[in-house]
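[1] Here's a sequence, model it:
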Amino acid sequence: MSISKVDKLLKAIGKACFIRYYYEFKKLAEGNGSNMDVVNRMKEDYTFKSKQTRTSKGKKI
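    Numbers count the residues shown, from 1 in each chain. Down below sits the predicted model:
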């Protein structure tokens, strides 16, 4: 994956969010767990749709 693509995904997710949930995103990328597991773990006041988007983009990185 190109650096510009990673940068674009990080900006969409938020760097702090990515760092906070890095291991959960890594598990998803390896095929362990489900997106809903990560969505349910997010404690921030994001909308449900935002949590889903952050999760799907986070596992791409």
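[2] Can you list the neighbours in contact with stretch 54-61?
    1, 6, 9-10, 12-14, 17-18, 21, 24-25, 28-29, 35, 38-39, 42, 46 (Cβ atoms under 8 Å, 6 or more residues apart in numbering). All C-beta atoms are positioned from the backbone trio N, CA, C, and that covers glycine.
[3] Which members of those residues are positioned in strands?
    Using DSSP state E, no member of the contacts of stretch 54-61 falls within strands.
[4] Report the buried members of these.
    Buried by 16 or more other Cβ atoms under 10 Å: 9-10, 13-14, 17-18, 21, 24-25, 28, 38-39, 42, out of the contacts of stretch 54-61.
[5] Just the closest of those to residue 52, please.
    Of all the buried ones among the contacts of stretch 54-61, residue 39 has the smallest distance to residue 52: 5.9 Å, by Cβ to Cβ.
[6] what pLDDT, on average, does the longest helix belonging to the chain get?
    The helix spanning the most residues in the chain, taking DSSP state H as the definition, is helix 48-60. Averaged across helix 48-60, the pLDDT comes to 95.
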